[in-house]
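[1] pasting the structure only:
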């Protein structure tokens, strides 16, 4: 069974940086695109970024473009999200999500890691 | 980034049928991208409910069904049960700008 476990969340001041990690087990990580999806407290789901299986294709939501960078290390079965120039509106639970690329849907979700941007 | 439009809330009595609509545009659903649905129970992680417009993953009750027409899609829940109280999100893919796109979410209340 696929499992995704996020880490690295916490409290950071506006303008600060944070690096999230996602560790994958139970499937061949290097064969799947992985996404970051976030959910602000009491709000809906928002797609953040995606990275293809071998990092060929990377896409970002307009709301974070130029501030966040997604990367992966297939040797370590890990995904990362470097978040810079953080703003209050980036406060959210960040989910690491496996994508079924032939259909563009998400079949496995981590439990999420909470990022709070506040002074 | 585009979003897909859903009604904020729908409600129904136990046993009734409710329908949630998901309205997109010519750059996402109308561009023939598939629609998928997720259920998020209170305090839980979203769970895949319907993929590829009409397909249910193993373990999902056949009370849940999906459809798509033109630039919109629908999720129907028949025989509504108390355990169906949750938030439901549609999701598709957008070609401009490129990337997945979620619906605004619908809270289902069982009266």
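    Done, it's in. Everything numeric here is computed off the predicted structure, so don't read it as measured data. Numbers count the residues shown, from 1 in each chain, chains lettered A, B, ... in the order given.
[2] what does chain A put close to chain B?
    A:35, A:37, A:44-47, A:50, A:59-63, A:95, A:99-100, A:103-107, A:109-112 (CB under 8 Å from any CB of the partner chain). All C-beta atoms are positioned from the backbone trio N, CA, C, and that covers glycine.
[3] hmm, 10 Å instead?
    A:4, A:35, A:37, A:39, A:43-50, A:57, A:59-65, A:93, A:95, A:97, A:99-100, A:102-112 (CB under 10 Å from any CB of the partner chain).
[4] quick one: buried ones out of those residues?
    Burial by neighbour count, judged by 16 or more other CB atoms under 10 Å in any protein chain shown, picks out A:4, A:35, A:37, A:39, A:44-50, A:59-61, A:64, A:93, A:95, A:97, A:99-100, A:103-110, A:112 from those.
[5] low-confidence ranges in the chain?
    In the absence of a named chain, chain A is used. Within chain A, no stretch has pLDDT under 70.
[6] try again with chain B
    Along chain B, segments meeting pLDDT under 70 span B:1-2.
[7] show me what from it comes close to chain A.
    B:1-3, B:6, B:33-38, B:40, B:44-48, B:50-53, B:55, B:57, B:87, B:89, B:91-94, B:97-106.
[8] what about the strands in chain A?
    With strands called from DSSP state E, chain A shows them at A:3-7, A:10-12, A:18-25, A:33-39, A:45-51, A:58-60, A:68-73, A:78-83, A:92-100, A:105-109, A:113-117.
[9] name the helices or strands packed onto the longest one?
    Read that as strand A:92-100. In this structure, strand A:92-100 packs against strand A:3-7, strand A:18-25, strand A:33-39, strand A:45-51, strand A:78-83, strand A:105-109, strand A:113-117, with contacts taken as 3 or more CB pairs under 10 Å, 6 or more residues apart in numbering or on different chains; DSSP states H and E.
[10] can you rerun that using 6 Å?
    strand A:33-39, strand A:105-109, strand A:113-117 (3 or more CB pairs under 6 Å, 6 or more residues apart in numbering or on different chains; DSSP states H and E).
[11] output these as a markdown table; include the columns distance to residue A:13.
    Supplementary listing: the helices and strands packed on strand A:92-100 in a markdown table, determined by distance: least, CB to CB, whole Å:
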| stretch | distance to residue A:13 |
| --- | --- |
| strand A:33-39 | 19 |
| strand A:105-109 | 29 |
| strand A:113-117 | 7 |
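[12] any idea what the nearest residue in space to residue A:92 that is not next to it in sequence is bridged to?
    Once its chain neighbours are removed from consideration, residue A:92 has its nearest residue in residue A:38; the separation is 3.9 Å (CB to CB, 6 or more residues apart in numbering or on different chains). Beta-bridge partners for residue A:38, by DSSP bridges, are residue A:46, residue A:94.
[13] wait, residue A:38 sits on residue A:90?
    No: the pair residue A:38 and residue A:90 fails to qualify as a contact (CB atoms under 6 Å) at a distance of 7.9 Å.
[14] how about residue A:32, what does it touch?
    Taking CB atoms under 6 Å, 6 or more residues apart in numbering or on different chains as the criterion, residue A:32 is in contact with A:53, A:98.
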